[in-house]
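K.L.:
build me a model from this:
(2 chains)
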Amino acid sequence: DAGVTQSPTHLIKTRGQQVTLRCSPKSGHDTVSWYQQALGQGPQFIFQYYEEEERQRGNFPDRFSGHQFPNYSSELNVNALLLGDSALYLCASSRPSGGTDTQYFGPGTRLTVL
Amino acid sequence: KQEVTQIPAALSVPEGENLVLNCSFTDSAIYNLQWFRQDPGKGLTSLLLIQSSQREQTSGRLNASLDKSSGRSTLYIAASQPGDSATYLCAVRLTGGGNKLTFGTGTQLKVEL
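P.N.:
Residues are numbered from 1 along each chain as shown, chains lettered A, B, ... in the order given. This next block holds a predicted model:
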(Lines give C-alpha, C1' and ligand atoms only; values in the text may rest on other atoms or scores of the structure.)
Protein backbone atom coordinates (compact mmCIF):
# COMPACT_ATOMS: atom_id res chain seq x y z
CA ASP A 1 0.00 0.00 0.00
CA ALA A 2 1.62 3.22 -1.17
CA GLY A 3 1.57 6.02 1.31
CA VAL A 4 1.17 9.68 0.46
CA THR A 5 3.26 10.62 -2.55
CA GLN A 6 4.29 14.09 -3.73
CA SER A 7 5.96 15.42 -6.83
CA PRO A 8 8.34 16.88 -7.65
CA THR A 9 10.85 16.31 -4.85
CA HIS A 10 12.68 19.56 -5.43
CA LEU A 11 11.91 22.65 -7.45
CA ILE A 12 13.75 25.87 -8.15
CA LYS A 13 11.86 28.90 -9.43
CA THR A 14 12.50 32.62 -9.76
CA ARG A 15 10.45 35.44 -8.28
CA GLY A 16 7.21 36.14 -10.11
CA GLN A 17 6.90 32.67 -11.58
CA GLN A 18 4.10 30.21 -10.92
CA VAL A 19 4.44 26.68 -9.55
CA THR A 20 2.24 23.58 -9.29
CA LEU A 21 2.86 20.87 -6.72
CA ARG A 22 1.11 17.50 -6.76
CA CYS A 23 -0.05 15.05 -4.14
CA SER A 24 -1.57 11.57 -4.21
CA PRO A 25 -3.24 10.53 -0.95
CA LYS A 26 -2.85 7.25 0.83
CA SER A 27 -5.15 4.55 -0.52
CA GLY A 28 -8.66 4.88 0.90
CA HIS A 29 -8.19 8.49 2.03
CA ASP A 30 -10.44 11.20 0.67
CA THR A 31 -9.25 14.35 2.44
CA VAL A 32 -6.08 16.20 1.51
CA SER A 33 -4.46 19.04 3.42
CA TRP A 34 -1.49 21.20 2.44
CA TYR A 35 1.07 22.67 4.80
CA GLN A 36 4.01 25.03 4.39
CA GLN A 37 7.08 24.47 6.55
CA ALA A 38 9.73 27.17 6.62
CA LEU A 39 13.20 26.23 7.82
CA GLY A 40 13.30 25.67 11.57
CA GLN A 41 9.54 26.11 11.96
CA GLY A 42 6.56 23.85 12.41
CA PRO A 43 4.25 23.29 9.43
CA GLN A 44 1.59 25.94 8.81
CA PHE A 45 -1.82 24.94 7.47
CA ILE A 46 -2.60 26.27 3.99
CA PHE A 47 -5.93 24.62 3.11
CA GLN A 48 -7.84 21.37 2.97
CA TYR A 49 -9.81 19.68 0.21
CA TYR A 50 -12.66 17.21 0.49
CA GLU A 51 -15.09 16.18 -2.23
CA GLU A 52 -13.21 18.40 -4.69
CA GLU A 53 -13.91 21.54 -2.69
CA GLU A 54 -11.80 23.72 -0.44
CA ARG A 55 -13.29 23.13 3.01
CA GLN A 56 -10.94 25.04 5.24
CA ARG A 57 -8.25 27.65 4.71
CA GLY A 58 -5.41 28.98 6.81
CA ASN A 59 -3.96 32.47 6.81
CA PHE A 60 -2.45 32.44 3.33
CA PRO A 61 -3.02 34.92 0.49
CA ASP A 62 -5.08 33.98 -2.52
CA ARG A 63 -1.85 33.53 -4.50
CA PHE A 64 -2.11 30.07 -3.00
CA SER A 65 -4.83 27.99 -4.63
CA GLY A 66 -5.57 24.34 -5.03
CA HIS A 67 -7.62 21.67 -6.62
CA GLN A 68 -8.78 18.17 -5.83
CA PHE A 69 -9.56 15.65 -8.54
CA PRO A 70 -12.21 12.89 -8.55
CA ASN A 71 -9.52 10.34 -7.66
CA TYR A 72 -8.78 12.44 -4.52
CA SER A 73 -5.34 13.57 -5.70
CA SER A 74 -4.63 17.25 -5.28
CA GLU A 75 -2.60 20.14 -6.62
CA LEU A 76 -1.25 23.23 -4.91
CA ASN A 77 -0.67 26.26 -7.11
CA VAL A 78 1.31 29.31 -6.08
CA ASN A 79 1.30 32.39 -8.31
CA ALA A 80 3.64 35.40 -8.35
CA LEU A 81 6.27 33.62 -6.27
CA LEU A 82 8.08 35.57 -3.56
CA LEU A 83 11.41 34.77 -1.92
CA GLY A 84 9.47 34.05 1.27
CA ASP A 85 7.60 31.22 -0.42
CA SER A 86 10.77 29.12 -0.23
CA ALA A 87 9.84 26.22 2.04
CA LEU A 88 9.04 22.53 2.30
CA TYR A 89 5.46 21.95 1.15
CA LEU A 90 3.82 18.99 2.78
CA CYS A 91 0.68 17.15 1.80
CA ALA A 92 -1.31 15.13 4.32
CA SER A 93 -4.19 12.75 3.77
CA SER A 94 -6.82 11.30 6.05
CA ARG A 95 -10.34 9.91 6.02
CA PRO A 96 -12.20 11.57 8.89
CA SER A 97 -15.53 10.35 7.53
CA GLY A 98 -14.27 6.82 7.89
CA GLY A 99 -12.91 7.35 11.39
CA THR A 100 -9.30 7.75 10.33
CA ASP A 101 -8.28 10.82 12.32
CA THR A 102 -4.58 10.22 11.91
CA GLN A 103 -3.09 12.42 9.21
CA TYR A 104 -0.42 10.80 7.08
CA PHE A 105 2.17 13.05 5.51
CA GLY A 106 4.08 12.77 2.29
CA PRO A 107 7.83 13.38 1.92
CA GLY A 108 7.26 16.95 0.80
CA THR A 109 8.35 19.15 -2.07
CA ARG A 110 11.27 21.49 -1.41
CA LEU A 111 10.61 24.78 -3.23
CA THR A 112 13.41 27.29 -3.61
CA VAL A 113 12.59 30.73 -4.98
CA LEU A 114 15.57 32.74 -6.26
CA LYS B 1 -6.09 31.44 18.40
CA GLN B 2 -4.47 28.15 19.30
CA GLU B 3 -0.76 28.40 20.06
CA VAL B 4 1.42 25.35 20.55
CA THR B 5 4.79 25.53 22.30
CA GLN B 6 7.44 22.85 22.61
CA ILE B 7 10.19 22.82 25.18
CA PRO B 8 13.09 22.33 24.93
CA ALA B 9 13.88 23.47 21.39
CA ALA B 10 16.89 21.14 21.32
CA LEU B 11 18.08 18.27 23.46
CA SER B 12 21.21 16.12 23.44
CA VAL B 13 21.34 12.94 25.54
CA PRO B 14 23.58 9.88 25.80
CA GLU B 15 22.32 6.59 24.44
CA GLY B 16 20.14 4.61 26.84
CA GLU B 17 18.74 7.60 28.69
CA ASN B 18 15.00 8.00 29.24
CA LEU B 19 13.73 11.41 28.18
CA VAL B 20 10.63 13.58 28.14
CA LEU B 21 9.57 16.07 25.49
CA ASN B 22 7.00 18.70 26.37
CA CYS B 23 4.17 20.26 24.41
CA SER B 24 1.78 22.92 25.67
CA PHE B 25 -1.28 24.43 24.00
CA THR B 26 -3.40 27.45 24.85
CA ASP B 27 -6.89 26.29 23.82
CA SER B 28 -8.05 23.23 25.76
CA ALA B 29 -10.97 22.54 23.40
CA ILE B 30 -8.95 20.04 21.47
CA TYR B 31 -10.28 17.10 19.46
CA ASN B 32 -7.00 15.22 19.47
CA LEU B 33 -3.24 15.65 19.71
CA GLN B 34 -0.71 13.96 17.50
CA TRP B 35 3.04 13.47 17.88
CA PHE B 36 5.20 13.30 14.78
CA ARG B 37 8.81 12.59 13.99
CA GLN B 38 10.66 14.43 11.22
CA ASP B 39 14.07 13.48 9.89
CA PRO B 40 16.13 16.28 8.29
CA GLY B 41 14.58 17.49 5.03
CA LYS B 42 11.94 14.78 5.14
CA GLY B 43 8.19 14.52 5.69
CA LEU B 44 6.45 13.74 8.95
CA THR B 45 5.94 10.28 10.43
CA SER B 46 3.00 9.90 12.81
CA LEU B 47 4.06 8.36 16.12
CA LEU B 48 1.04 8.56 18.38
CA LEU B 49 -2.43 10.09 18.34
CA ILE B 50 -4.33 10.80 21.55
CA GLN B 51 -8.05 11.54 21.41
CA SER B 52 -9.35 14.22 23.77
CA SER B 53 -11.07 11.54 25.87
CA GLN B 54 -7.83 9.61 26.40
CA ARG B 55 -5.08 10.19 28.92
CA GLU B 56 -2.25 8.36 27.21
CA GLN B 57 -1.15 6.21 24.31
CA THR B 58 1.77 3.80 24.05
CA SER B 59 3.70 2.38 21.15
CA GLY B 60 6.84 0.39 21.87
CA ARG B 61 9.32 2.63 23.70
CA LEU B 62 7.10 5.68 23.24
CA ASN B 63 4.41 6.88 25.62
CA ALA B 64 2.41 10.05 25.13
CA SER B 65 0.19 11.59 27.78
CA LEU B 66 -2.45 14.29 27.57
CA ASP B 67 -3.74 16.66 30.24
CA LYS B 68 -6.36 18.88 28.64
CA SER B 69 -7.08 20.89 31.77
CA SER B 70 -3.49 22.07 32.02
CA GLY B 71 -2.98 22.28 28.27
CA ARG B 72 -0.05 19.89 28.23
CA SER B 73 1.17 16.73 26.56
CA THR B 74 4.40 14.84 27.08
CA LEU B 75 6.20 12.33 24.91
CA TYR B 76 8.27 9.88 26.91
CA ILE B 77 11.00 7.96 25.09
CA ALA B 78 12.49 5.03 26.98
CA ALA B 79 16.02 3.73 26.50
CA SER B 80 16.90 6.22 23.77
CA GLN B 81 18.92 5.08 20.75
CA PRO B 82 20.95 7.00 18.13
CA GLY B 83 18.21 6.14 15.62
CA ASP B 84 15.79 8.24 17.68
CA SER B 85 17.70 11.37 16.62
CA ALA B 86 15.20 13.57 14.78
CA THR B 87 12.89 16.53 15.32
CA TYR B 88 9.73 15.73 17.25
CA LEU B 89 6.62 17.81 16.58
CA CYS B 90 3.31 17.90 18.38
CA ALA B 91 0.16 19.02 16.62
CA VAL B 92 -3.28 19.85 17.94
CA ARG B 93 -6.63 19.51 16.18
CA LEU B 94 -9.35 21.67 17.70
CA THR B 95 -12.93 20.62 18.33
CA GLY B 96 -15.00 22.28 15.62
CA GLY B 97 -11.81 23.29 13.86
CA GLY B 98 -12.16 20.91 10.97
CA ASN B 99 -9.18 18.76 10.17
CA LYS B 100 -6.61 21.55 10.55
CA LEU B 101 -3.55 20.76 12.64
CA THR B 102 -1.71 23.47 14.57
CA PHE B 103 1.94 22.54 15.10
CA GLY B 104 4.58 23.47 17.59
CA THR B 105 8.07 24.40 16.38
CA GLY B 106 9.47 21.05 17.46
CA THR B 107 12.19 19.63 19.69
CA GLN B 108 15.40 18.64 17.92
CA LEU B 109 16.70 15.50 19.63
CA LYS B 110 20.21 14.10 19.31
CA VAL B 111 21.06 10.79 20.94
CA GLU B 112 24.80 10.29 21.18
CA LEU B 113 26.75 7.05 21.38
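K.L.:
which other helices and strands contact the host helix or strand of B:Leu48?
P.N.:
B:Leu48 belongs to strand B:44-51 when assigned by DSSP states H and E. Secondary-structure packing of strand B:44-51 (3 or more C-beta pairs under 8 Å, 6 or more residues apart in numbering or on different chains; DSSP states H and E): strand A:100-105, strand B:30-38, strand B:56-59, strand B:62-67, strand B:72-77. Every residue, glycine included, has its C-beta placed from N, CA and C.
K.L.:
deepest of those, which one?
P.N.:
Each of these was scored by mean neighbour count; the highest is strand B:30-38, a mean of 22, by mean count of other C-beta atoms under 10 Å in any protein chain shown.
K.L.:
how near is B:Lys1 to B:Asp27?
P.N.:
Computed as C-beta to C-beta, to the nearest Å, the B:Lys1 to B:Asp27 distance reads 8 Å.
K.L.:
contacting residues around the residue in chain B that chain A sits nearest to?
P.N.:
Residue of chain B nearest chain A, by C-beta to the nearest C-beta: B:Phe103 (3.3 Å). B:Phe103 sits next to A:Gly42, A:Pro43, A:Gln44, B:Val4, B:Leu89, B:Cys90, B:Ala91 when contact means C-beta atoms under 8 Å, 6 or more residues apart in numbering or on different chains.
K.L.:
the residue lying closest to it once chain neighbours are set aside: which element?
P.N.:
Leaving out its chain neighbours, the residue that sits closest to B:Phe103 by C-beta to C-beta, 6 or more residues apart in numbering or on different chains is A:Gly42, at 3.3 Å. A:Gly42 is part of no helix or strand, with elements assigned from DSSP H and E.
K.L.:
ok, how many other residues are close to A:Gly42?
P.N.:
22 (other C-beta atoms under 10 Å in any protein chain shown).
K.L.:
that one is in contact with B:Val4, isn't it?
P.N.:
Yes. Judged on C-beta atoms under 8 Å, A:Gly42 makes contact with B:Val4 at a distance of 7.4 Å.
K.L.:
now the common contact residues for these two.
P.N.:
Common neighbours of A:Gly42 and B:Val4 (C-beta under 8 Å, 6+ apart) are B:Ala91, B:Phe103, B:Gly104.
K.L.:
flag every residue of chain A that's near chain B.
P.N.:
Within chain A, the positions near chain B by C-beta under 8 Å from any C-beta of the partner chain are A:4, A:6, A:31, A:33, A:35, A:40-45, A:48, A:55-56, A:58, A:88, A:90, A:92, A:94, A:96, A:101-108, A:110.
K.L.:
which of the residues you listed count as buried?
P.N.:
Neighbour-count burial (16 or more other C-beta atoms under 10 Å in any protein chain shown) applied to the residues of chain A next to chain B gives A:4, A:6, A:31, A:33, A:35, A:42-45, A:48, A:56, A:58, A:88, A:90, A:92, A:94, A:96, A:102-108, A:110.
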